[in-house]
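# Give me a 3D structure for the following:
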Amino acid sequence: MFKINVEINEARCDLAALFRWTARESMHEGIANHFSYSVSDDGQQFLMNPFGVHFSKMRASDLLLLDAQKTPSDYGELVDPTAWWIHGAMHRNNPKARCVVHLHSHYATALSALKNPTLPPIDQTSCRFFNRVAVDLGFDGMGLDNEAERLSALLGDNRIVLMGNHGFMTAAESPALTFDLAYFYERACRTYITALSTGLDLSILSDTIAEKTAKQWEMQDQTVDMHLAAIRRILDEEEPEYQE
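Purely as a prediction, here's the structure:
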């Protein structure tokens, strides 16, 4: 059973804004990568970007309403098969993961290419993800069929899957939180990769301090709507057509 239409329309606007902002932050890959958001009570019907629309031009009306119980062939050329398999499996197997952001952003993907793709707690931002990322080391192709099912089973109680040799996914209750996690994960990866590039020894925080800081971040999750609202205010002025 769907939620009320006003909520679906607002979800479309939130996602469209986040696509455009992801492009502004250069975290996108043109028309590749996908965001999805469940709009049914059982988590099986979800909005997702169509194949072929650039992140920087996404509009609310562009987003497709899909069913996790169907297959890509039910939607034809409108849907990227790899996107449907990955996001369909995530929503089908993790109904509490209402929103899913999948990106191949520069620094997180660089981290995914390391033999040890664990993000250590080297600063306040990286502490947010201490012991809170599921790491996949079993890359087996572009996420089709069984690969997507395998990835969806890795999430567990986490909100992030670092997809080795691939990229990453965040999954949470709302577009605001899911994007906030993705945004700060990429920034944490940027700091780590930059620090590694110096060739100097890293100053890694203790587990005790890292866990304390991660819990403080979790207390701040209630403020993530302010991040999304700030993004939408800018777009309301500069690119209001995202709401169309």
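# from here on, contacts and neighbour counts on C-alpha atoms
Fine.
# What about Asp62, how many residues nearby?
The burial count assigned to Asp62 is 18, neighbours taken as other Cα atoms under 10 Å.
# What segments of the chain are strands?
Listed in chain order, the strands of the chain (DSSP state E) span 34-38, 45-48, 64-67, 99-103, 133-136, 160-163, 167-172.
# Pick the most deeply packed of those strands.
strand 34-38 (a mean of 28; mean count of other Cα atoms under 10 Å).
# Now do the longest helix anywhere in the chain: everything it contacts.
As assigned by DSSP state H, the longest helix anywhere in the chain is helix 175-197. Helix 175-197 is contacted from outside by 11, 14-15, 18, 37, 99-101, 105-108, 110-111, 119-120, 122, 125-126, 129, 169-172, 202, 221, 224-225, 227-228, using Cα atoms under 8 Å, 6 or more residues apart in numbering.
# Surely Leu202 touches Ile122?
Yes - under the criterion of Cα atoms under 8 Å, Leu202 makes contact with Ile122 at 7.3 Å.
# which of these two has more neighbours?
Ile122 (18 against 13).
# quick one: the residue lying closest to the more buried one once chain neighbours are set aside from Asp41, how far?
Excluding the flanking residues, the one nearest Ile122 by Cα to Cα, 6 or more residues apart in numbering is Ile204, at 4.7 Å. Here Ile204 is placed at a distance of 42 Å from Asp41 (Cα to Cα, to the nearest Å).
# same check, this time on Asp140
32 Å.
# now do Gln216
According to Cα to Cα, Gln216 stands 30 Å off from Asp41.
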